[in-house]
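> Make a model of this:
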Amino acid sequence: MQSIDEVQQTLAAQDYVCGRALATVLFLSLRLGRPLFLEGEAGTGKTEIAKAIAAALGRRLIRLQCYEGLDASSAVYEWNFAEQMIAIRAAEAAGGADRDMLKDELFTEDFLIERPLLQAMRPQSGGAPVLLIDEIDRTDEPFEAFLLEALSDYQVTIPELGTIKAAEPPIVILTSNRTREVHDALKRRCLYHWVDYPTFDREMEILHARAPEAAEALSREVVGFVQKLRTEDLFKRPGVAETIDWAKCLLALDVLELSPEVIADTIGAILKYQDDIQKLQGSEAKRILDEVRTDAVA
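Numbers count the residues shown, from 1 in each chain. The predicted structure follows:
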């Protein structure tokens, strides 16, 4: 991609609507070969960016889904112990083998299970892969420290095999929902962008791209209602993903316009916590819907 405009156009072809600021940091990340750190509320499209880039460039997407307790060995490699035991039993049945020779044979790439970080260091057909390190804020600080080396030198070390360095560095995208602060040392190695909730017009563009069969009037009510919900005192505000899901649910039910009854029946598509759902019981949904329609007329 040779320009910021081309980044926007290329991602638009993948049905990802990208603002100028995000397109700029994406362009710089690709041009400079720097990891990209995307932070923001859940459901704002951070993960989808990596998918869209991989599809647009024709690269393999390798995803490392982070979780509490994730360690380096689980993210890099494991040895296939079941296959190693079979090989040992086979050697014993054949009359035994030299212990040192057998050890050398057991710890080869034939018995190696590659995990995402190691896979990303391997040459790929079509070019370097897109490595998505998703929800890095769910991991612990020791894993962050391990990533510092892996992302600085684009290499990983397997004690039995040595250091494996990427011939061509992968395109790295890290995401965080900010459930905790990620260490500055890791952020400094990346370009940073905060992915915010979109404006009304931007969210309309996204909905048109992802649910083009939705009528204009219904789309405006859906986006307007979700935008209003984000200003309410909710435990978890709905993201863009929920907007798209809700629109598709309404289309599946052949709904032409919102009503308090329709909202009550489908509220589980946009709100995922019972406390939030209870806040929309009674007249609350009608109040918000009336405000949306008043704003539309104004």
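> residues of whatever helix or strand residue 295 lives in that come out buried?
Per DSSP states H and E, residue 295 falls inside helix 284-297. For helix 284-297, the neighbour count (16 or more other CB atoms under 10 Å) marks 285, 288-289, 292-293 as buried. The way it works is simple: take the backbone N, C-alpha and C, and place the C-beta from them, glycine included.
> How about stretch 179-199?
By 16+ other CB under 10 Å, the buried positions in stretch 179-199 come out as 182, 186-187, 189-191, 193, 195, 197-198.
> Then stretch 10-22?
Under the neighbour-count criterion of 16+ other CB under 10 Å, stretch 10-22 has 10-12, 14, 16-18, 22 buried.
> sorry, back to before: quick one: list the elements packing against the helix holding residue 295.
helix 216-229, helix 260-266 (3 or more CB pairs under 8 Å, 6 or more residues apart in numbering; DSSP states H and E).
> so of the ones you listed, which one's packed in deepest?
Ranked by mean neighbour count, the helices and strands packed on helix 284-297 are led by helix 216-229 with a mean of 19 (mean count of other CB atoms under 10 Å).
> ok, residues contacting that helix?
With CB atoms under 8 Å, 6 or more residues apart in numbering as the test, helix 216-229 has contacts from 200, 203-204, 207-208, 211, 214, 237-238, 242-243, 246-247, 250, 255-258, 263, 270-271, 288-289, 291-293, 295-296.
> from those residues, which ones fall inside helices?
Among these, the ones falling in helices (DSSP state H) are 200, 203-204, 207-208, 242-243, 246-247, 250, 263, 288-289, 291-293, 295-296.
> Let's have the buried residues of stretch 179-199 in JSON lines, adding distance to residue 159 and pLDDT.
Output for the buried residues of stretch 179-199, formatted as JSON lines (distance: CB to CB, whole Å; pLDDT from 0 to 100):
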{"residue": "182", "distance to residue 159": "28", "pLDDT": "91"}
{"residue": "186", "distance to residue 159": "24", "pLDDT": "91"}
{"residue": "187", "distance to residue 159": "29", "pLDDT": "91"}
{"residue": "189", "distance to residue 159": "25", "pLDDT": "91"}
{"residue": "190", "distance to residue 159": "28", "pLDDT": "94"}
{"residue": "191", "distance to residue 159": "33", "pLDDT": "96"}
{"residue": "193", "distance to residue 159": "36", "pLDDT": "96"}
{"residue": "195", "distance to residue 159": "38", "pLDDT": "94"}
{"residue": "197", "distance to residue 159": "45", "pLDDT": "94"}
{"residue": "198", "distance to residue 159": "47", "pLDDT": "93"}
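> could you dump the helices and strands packed on helix 284-297 to JSON lines with mean pLDDT and distance to residue 106?
Shown next, in JSON lines, are those (pLDDT from 0 to 100; distance: least, CB to CB, whole Å):
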{"stretch": "helix 216-229", "mean pLDDT": "96", "distance to residue 106": "55"}
{"stretch": "helix 260-266", "mean pLDDT": "94", "distance to residue 106": "56"}
